[in-house]
Structure formats: structure tokens, C-alpha cells
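Peer 1: Structure, please.
(3 chains, ligands or ions: 4)
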Amino acid sequence: MAERVANREGIKGMANPTRYGLERVAYWLQRISGLGLLAYLIGHIYETSTILNGKIAWNNMLSLTETPGGHLVLVLVIGMCVFHTGNGIRLMISEGGKGVGKPGQPEYPYRASSLNSKQRLCIWVSIALAALAMMYGAGVLFGD
Amino acid sequence: MRESIIMKIHYGTALGAVALVAVHILMRLSQKFSDSLQYQNVLANYHFLPYALMLEVILVLLSVHGFNGLRVILLELKQGATYERAINYGSIAAMAILIAYGSRTILMAGMGIS
Amino acid sequence: MAAITASREEKPEPTKQTPPPAPAVESAPKTITLRISRSNPSENSAAKFDEFQIPVQKWTTVLEAILHVKQNLDHSVAVRYSCRQASCGSCGMKINGRPRLACYTKVSELDSNVITVEPMSNFPIIRDLAVDFKQLFSTHKKMKPFIINEGSEVQPGAKEFIQTPNDLEKFLQFSYCIKCGLCNSACPTMATDKSFIGPQGLAQAYRYTADNRDEGKKGRLKIVDQSHGIWRCHFAGSCSNVCPKGVDPAMAIQLLRGYLLGFRK
Ligand code: HEM
Ligand code: HEM
Ligand code: SF4
Ligand code: FES
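Peer 2: Ligands and ions are numbered 1, 2, ... in the order given. Model prediction:
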């Protein structure tokens, strides 16, 4: 028989947060923020290593980040950090089987009890805390 | 290593990092933000042993957590014995390199070689 | 008999609130456009859409619309179905972009005059709307989907297992899985990971593990605890979002993972 195409959705499908509700958005944000933070961490460790080359090198590096663009990156990092942490805590609890509802007789229209309002609240709170932290951070960074 | 052990490490490193990263970022706010990044202040931070130790712990926890997270994503993207072996060992190598590079900063700045 | 007569007598007179019979115009057929994805990988033909105008009633299901095409317009459309009542799990497909059972989805609930049907994602296409379930079934079998218990052989003197309603509730909803594969086609990990067990299989591993007649927990935990096993679930919940039977595979997976993380015994 001729070869069959697997018809998998691929990266485009995996990274499409516009379907299947808020939980899928949270999944997407957790991935993006995890990768963003990893990139930041690597850059950050390179950045701090310039302190070994004395004050001039350190200040050169600092002046690179003390631009509107650099501040924007920092604000984003703060947001990613807060969301990833908040949602990460939700995930650690849920993936241990806590707060995902209790098995029972499903009733029409079969709303899944693992996609419950507590979960959604935690996701929204993580998003809101990230937004607040970003606003506060922007105030500090762009304020002075 | 069994996958459950790896993922327990993933969760454990995350848990440990929560508090420490909060301290690290809040340090920036204990004084005027731009002051906190002044050369002298940062160097003083590195000389302060408990804080330097904390930085080292953050460094280890997050290198492990972050590169394992990347490993997970890459394992899900493509399969195959050779590829997966490369990803598994590659991420361990990446952790080791990042930790070594960061520790060099902490160690040398801490001992005042700069 | 007596009870039945009594209830007949007690039946209240129809009150004023009883809605009048629906006016005839409401059930008058309307016409929709059905777009069917056509492809035949064995002939390397690229997918294209064929469009058909179909008369539908308020109660017409997408499967019936497709069968209308087969009976009247183009008999070569490939589609798999059997029970027409959401029990056999044969007719899963992507309907207006979302995995659904064609027999369980009414045209009227889609709120659109254009209905697009495509084969489910993440399954190899056989032809048109029919997809290949080989991997789903073989993965399902690897989960040991049966009660493992030394004492379960029928022998002289063997007694039945007594389960309380509580014992039953621990796994009942997961046993409603009809293996339709909708969950696997919505899962983000499944979109790229061809070795992943998938929500269907993982939920079934939990269904048997949570059954107090079963003694196969250790073995099943070992099967799901591998690099393309349970840890590749990130609780995106898409499986439970599309499951037509209320199985809630995402819940089953997290409960199963609870054993591995030591949160549950
Ligand atoms: C400090 C608080 C943090 C917590 C509580 C936390 C928690 C988590 C959790 C629970 C997961 C697994 C999510 C899942 O099952 O899909 C995860 C994934 C991940 N984390 Fe973190 N994390 C933290 C910080 C970080 C940092 C600072 C980085 C970057 C260096 C990072 C990088 C990643 C990556 C790359 C992933 C993989 C994402 C994925 O698989 O979707 N995390 N984190
Ligand atoms: C608002 C954002 C941040 C600023 C301004 C900042 C600033 C600094 C500074 C000045 C140092 C040098 C030591 C000190 O004075 O504390 C440092 C070290 C460090 N930071 Fe951050 N940081 C930020 C966020 C983060 C985040 C989110 C992480 C975790 C992903 C992180 C991880 C580290 C690590 C591991 C070190 C030690 C690096 C080394 O010496 O090798 N930082 N940071
Ligand atoms: S868990 Fe639900 S969506 Fe998945 S195969 Fe079973 S019935 Fe279908
Ligand atoms: S035809 Fe059996 S589930 Fe739809």
C-alpha cells in the first residue's frame, strides 16, 4: 500500500492557542514564557559576567540595557516570570491530581470537571498578577 | 534515568526557585532600582557570602529546570533514537556549561578578583 | 399495572403554559453548503474540497448530511460510521475546524450555512474522511485494558467481586470511552509527538488502575512512566474540551500522575 501521510498538525497546531479554551492559552503562555525566561537567563548570566572585567565593562553593558528597548525587555521578563511562576504552581498542584475534580457519573452536556472554575480562576489570577507586576515594573523602570 | 525522576527534579527545582527568584528581584527594589545596578553595589552583593550562595543556588536550580524544560519541548517536536539521545545529553551539557560559566562569575567576583 | 393506571389518572390537564405546537415553517427544510475534504493518499492526490447543496431540517446531523451526498450526489465519498448514536466511535471528524462526532452534531447547532468537514488531525488519512486507527488501538492494548487479578478466574467456589456504588464511581466515567480519537486529535502533544501514548490511552490506563478489582497498578504505572508517556501531558485540557462522552481524559491523566508523584496512594 502506498505510504500514508500522518496528517499531524505539527508545530503550527501545537502552538495555536486560539482553540479549545482558556486552558490551551495557559499551556501556550507557559511554553512561551518558559522559553523566554531561558533565553533571558542565558543572556543575563553573560551580562553579569562582565562585572569581572571591571567597572567600565559593567557600565558599558548597563548602558546597553538602559534604553527604552532594554527596559521593555525587562518588563516582559517580569511578566513572564510572574505568569510562569503562578501558572507553574497551579500546574504542579493539578498534575499531582489535586483540584481537577472528582470522577462521577457524567451528565449531559458533559462539561469536563477538570476544566473547572477554580482552574480558570487560577489562570486569570496568574495573568492579572503578571499584568500588575509589569505595570509596577514599567513604573519603576520608566519612572526615573 | 526514569522519566518520573527527571520530572520530579523539574518540579522540585521550580519549587525551590520560586522563593529565591522573588528575593533576587525584590533586592532590586530594596533601594532605588538604578542604584541597585551600580557597580559598587553589585560587587558588594557578590562579596556578601549568603547572597552569593543564594545566586549560586538559583543558577543551579534554573539551569537544570530551564534546560530540562527545553529538552521536554524538543523531545515532543521530533522523535528517533539518535535525535533523542542527542537532546538528552545535549541538555545535560548545556546545563553544565551554563552553571560553570555563571559559577565562575560568582566565585571570582566573590573573592574579589576583578 | 395499578401504578400505571394511577399515574395516568393523576396526569395534570395541559395548562396554559404548555407551548403551542411549533409552526410548520420552523421545520421547513433549508439549504446549506457542505464542503467535504477529498483526498486519496494512496494515489497521492492532494486534498481538495467538493461542495454540495444539502437540504437540512432542524434535526439533521452532519452524518446524515454526508450520507445524503452519498445517496444522491456522489457515492464515492469515503466516510466511516456505524451506530449513528455516539456509541461506536467511528464517525469522528473535523467539523468547522473542531473535532466532533458527525452523528452527534446537528447542523443547526453549528450556526452556519457552510459546513466544512475534514478528516481528524493527527491520524493518517485512508481516504476522504476516513482515518486510520491502528496506532490508537495498539496503544490502547498496551495499557492492559482489562482487570488484572489472580482470583478472577472462574473456579469452583469463586465468589463475585462486590463493589459499592462509591467504588464504581471511581472509574465509571472513564469506562464510557468509545475510542473515537477526538481527544488525540485535539491534543497539542499529539500534534508533533508520534510516540506519545495520548489522552485516550492514558485515560484507559487510569480507568483500570482505579478499579478496586484490579491489581495491575504497578505494571501500568511502569508502562506510562517513560519518555513519551504520561509526562508529555501538560494539562492543556484540549482532550477534555472535545470529548463527546464526558470521559474527561485530562482528569484521568492528572489522577494517574498523582500516583507517580506520590500525591495519591
Ligand atoms: C520560579 C518559578 C518557576 C516555577 C514555579 C516553574 C514551574 C514550571 C512547571 C510546573 C513547569 C512544567 C509545566 C508543564 O507540565 O507543562 C515548567 C516548565 C518550564 N519552565 Fe518553569 N518554572 C519556574 C521558573 C522558570 C524559569 C526561571 C525558567 C527559565 C530559565 C523556566 C523554564 C521552563 C521551561 C523552558 C519549561 C518547559 C515548558 C513546557 O514544557 O511547556 N521556568 N515550569
Ligand atoms: C528585573 C530583573 C532582574 C534584574 C535587574 C537582575 C539583576 C541582576 C544582577 C545585578 C545580578 C548580579 C548580582 C546581584 O547584584 O544581585 C544578577 C545575578 C543573577 N541573576 Fe538576576 N536580575 C533580574 C532577574 C533575574 C531573573 C528573572 C532570574 C532567573 C531567571 C535571574 C537570575 C540571576 C542569576 C542566576 C544570577 C547570578 C548570575 C551569576 O553571577 O553567574 N535574575 N541579576
Ligand atoms: S476519551 Fe473521549 S474523546 Fe477520547 S477516545 Fe474516549 S470518548 Fe473519544
Ligand atoms: S456513528 Fe457511531 S459514534 Fe457516530
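Peer 1: ok, which stretches of chain C are strands?
Peer 2: With strands called from DSSP state E, chain C shows them at C:30-40, C:45-56, C:92-95, C:98-101, C:114-118, C:125-127, C:130-131.
Peer 1: a markdown table for those strands, including distance to A:Ile89?
Peer 2: (Each C-beta comes from the backbone N, C-alpha and C, glycine too.) Formatted as a markdown table, the strands of chain C follow (distance: least, Cβ to Cβ, whole Å):
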| stretch | distance to A:Ile89 |
| --- | --- |
| strand C:30-40 | 42 |
| strand C:45-56 | 43 |
| strand C:92-95 | 35 |
| strand C:98-101 | 31 |
| strand C:114-118 | 38 |
| strand C:125-127 | 41 |
| strand C:130-131 | 38 |
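Peer 1: Make a markdown table out of these and add mean neighbour count and distance to ligand 3.
Peer 2: Shown next, in a markdown table, are the strands of chain C (neighbours: other Cβ atoms under 10 Å in any protein chain shown; distance: least, Cβ to the nearest ligand atom, whole Å):
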| stretch | mean neighbour count | distance to ligand 3 |
| --- | --- | --- |
| strand C:30-40 | 18 | 21 |
| strand C:45-56 | 14 | 24 |
| strand C:92-95 | 24 | 7 |
| strand C:98-101 | 24 | 8 |
| strand C:114-118 | 19 | 17 |
| strand C:125-127 | 21 | 18 |
| strand C:130-131 | 21 | 13 |
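Peer 1: can you tell which of those strands is closest to ligand 2?
Peer 2: strand C:98-101 (37.4 Å; Cβ to the nearest ligand atom).
Peer 1: which helices and strands sit right next to that closest one?
Peer 2: Identification of packing neighbours for strand C:98-101 by 3 or more Cβ pairs under 8 Å, 6 or more residues apart in numbering or on different chains; DSSP states H and E yields strand C:92-95, helix C:182-186, helix C:238-242.
Peer 1: Now with 7 Å, please.
Peer 2: Using 3 or more Cβ pairs under 7 Å, 6 or more residues apart in numbering or on different chains; DSSP states H and E, the elements in contact with strand C:98-101 are helix C:182-186.
Peer 1: what's in contact with the helix it packs on?
Peer 2: Helix C:182-186 is contacted from outside by A:20, C:92, C:99-100, C:120-123, C:136, C:190, C:198-200, C:238-239, C:241-244, C:249, using Cβ atoms under 7 Å, 6 or more residues apart in numbering or on different chains.
Peer 1: same thing with stretch B:52-69?
Peer 2: Applying Cβ under 7 Å, 6+ apart, the external contacts of stretch B:52-69 come out as A:34, A:37-38, A:41, B:6, B:9-10, B:13-14, B:16-17, B:20-21, B:23-24, B:46, B:91, B:94-95, B:98-99, B:102-103, B:106, B:110.
Peer 1: does ligand 2 sit close to that stretch?
Peer 2: Yes: Stretch B:52-69 is in contact with ligand 2 by Cβ under 6 Å from any ligand atom, via B:Leu55, B:Ile58, B:Leu59, B:Leu62.
Peer 1: before we move on, back to that, okay, and which of the contacts of stretch B:52-69 map to strands?
Peer 2: If you go by DSSP E, the contacts of stretch B:52-69 have nothing in strands.
Peer 1: which residue sits closest to A:Val77, ignoring its sequence neighbours?
Peer 2: Using Cβ to Cβ, 6 or more residues apart in numbering or on different chains and skipping the chain neighbours, the partner closest in space to A:Val77 is A:Tyr40 (5.0 Å).
Peer 1: Just the closest residue of chain B to chain A, please.
Peer 2: B:Gly66 (4.0 Å; Cβ to the nearest Cβ).
Peer 1: Distance-wise, check that residue relative to A:His44.
Peer 2: 11 Å (Cβ to Cβ, to the nearest Å).
Peer 1: Averaging pLDDT per element, find the lowest-scoring helix or strand in chain A.
Peer 2: Within chain A, no helix or strand scores below helix A:54-65, which has a mean of 91 by mean pLDDT, DSSP states H and E.
Peer 1: quick one: that one near chain B?
Peer 2: Yes: Helix A:54-65 lies within reach of chain B by Cβ under 7 Å from any Cβ of the partner chain, at A:Gly54, A:Lys55, A:Trp58, A:Asn59, A:Leu62.
Peer 1: Briefly note if that helix comes near ligand 2.
Peer 2: No: against ligand 2, helix A:54-65 shows no contacts by Cβ under 6 Å from any ligand atom, the least distance being 8.4 Å.
Peer 1: follow-up on the earlier one: including mean pLDDT, could the strands of chain C go into TSV?
Peer 2: Below are these laid out as TSV (pLDDT from 0 to 100):
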stretch	mean pLDDT
strand C:30-40	96
strand C:45-56	93
strand C:92-95	98
strand C:98-101	98
strand C:114-118	98
strand C:125-127	95
strand C:130-131	97
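Peer 1: Distance to ligand 4 added to those, as a markdown table?
Peer 2: Listed next are the strands of chain C as a markdown table, based on distance: least, Cβ to the nearest ligand atom, whole Å:
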| stretch | distance to ligand 4 |
| --- | --- |
| strand C:30-40 | 16 |
| strand C:45-56 | 18 |
| strand C:92-95 | 8 |
| strand C:98-101 | 5 |
| strand C:114-118 | 13 |
| strand C:125-127 | 16 |
| strand C:130-131 | 12 |
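Peer 1: Show me the domain layout of chain C.
Peer 2: As recorded under automatic domain parsing, the domains making up chain C are C:30-131, C:134-148+C:163-261.
Peer 1: deepest of the ones you listed, which one?
Peer 2: Ranked by mean neighbour count, the domains of chain C are led by domain C:134-148+C:163-261 with a mean of 22 (mean count of other Cβ atoms under 10 Å in any protein chain shown).
Peer 1: What's the mean pLDDT across stretch B:90-103?
Peer 2: Here stretch B:90-103 scores 98 as its mean pLDDT.
Peer 1: quick one: it near ligand 1?
Peer 2: No: judged by Cβ under 6 Å from any ligand atom, stretch B:90-103 stays clear of ligand 1, getting no closer than 9.5 Å.
Peer 1: Please see if that stretch touches chain C.
Peer 2: No: judged by Cβ under 7 Å from any Cβ, stretch B:90-103 stays clear of chain C, getting no closer than 12.6 Å.
Peer 1: Who has more neighbours out of B:Gly66 and A:His44?
Peer 2: B:Gly66 (26 against 14; other Cβ atoms under 10 Å in any protein chain shown).
Peer 1: C:Leu67 versus that one, what's the distance?
Peer 2: Distance from B:Gly66 to C:Leu67, by Cβ to Cβ: 53 Å.
Peer 1: what does C:Ala158 give?
Peer 2: Counting by Cβ to Cβ, the gap from C:Ala158 to C:Leu67 is 48 Å.
Peer 1: Just confirm yes or no for the strand or helix carrying B:Ala86 near chain A.
Peer 2: Assigned by DSSP states H and E, B:Ala86 belongs to helix B:81-111. Yes: applying Cβ under 7 Å from any Cβ, one finds that helix B:81-111 is in contact with chain A at B:Leu98, B:Tyr101, B:Gly102, B:Thr105, B:Met108, B:Ala109.
Peer 1: for the residues you listed, which one is nearest ligand 1?
Peer 2: Nearest to ligand 1 among the residues of helix B:81-111 next to chain A, with distances taken as Cβ to the nearest ligand atom, is B:Leu98, at 9.5 Å.
Peer 1: these two touch, right, that closest one and A:Ile45?
Peer 2: Yes: counting by Cβ atoms under 7 Å, A:Ile45 is a contact partner of B:Leu98 at 6.3 Å.
Peer 1: wait, A:Gly10 sits on C:Ala191?
Peer 2: Yes: in this structure, A:Gly10 is within contact of C:Ala191 by Cβ under 7 Å, at 6.1 Å.
Peer 1: Ranking by neighbours, what's the top pick from the residues of helix A:54-65 next to chain B?
Peer 2: Counting neighbours by other Cβ under 10 Å, A:Trp58 comes out on top of the residues of helix A:54-65 next to chain B with 22 neighbours.
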